[in-house]
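Peer 1: Sequence below, structure please.
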Amino acid sequence: MTSEQTDALSIVEFCRRNGISTALYFKINREGLGPRLMRVGRRTLITREAAEEWRREREAASAQPHVPEAV
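Peer 2: As a prediction, this is how the structure comes out:
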């Protein structure tokens, strides 16, 4: 079964399919902007649904006008 057919992706597969580096993934995850994760034994996986939800959230966030923080 290929990653195209699986219901869950490893972090590396998720990054590859979304065109981001693993370094960027871990950065956005630390900022609380990463996808929901699922632990299966020792593996950390991202379900297809969580990946789709993450993409929708990122699209919506990028459509919002940027308001600079007050100094």
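
Peer 1: Could I get the buried residue list for the longest helix anywhere in the chain?
Peer 2: Counting residues, the longest helix found in the chain (DSSP state H) is helix 48-63. If you call a residue buried by 16 or more other Cβ atoms under 10 Å, then helix 48-63 has these buried ones: 50-51, 54. Yep, even glycine has a C-beta here, placed from its N, CA and C like the rest.

Peer 1: Grab the nearest non-local neighbour of the spatially most central residue of the chain.
Peer 2: Closest residue to the average C-alpha location of the chain: Pro35 at 3.9 Å, with Cα atoms, centre = their mean. Once flanking residues are discounted, Pro35 sits nearest to Trp54: 3.7 Å by Cβ to Cβ, 6 or more residues apart in numbering.

Peer 1: give the contact list for the one you found.
Peer 2: 34-36, 46 (Cβ atoms under 8 Å, 6 or more residues apart in numbering).

Peer 1: Just give me the closest of the buried residues of helix 48-63 to Phe14.
Peer 2: Lowest distance from Phe14 to those (Cβ to Cβ) belongs to Ala51, with 6.1 Å.
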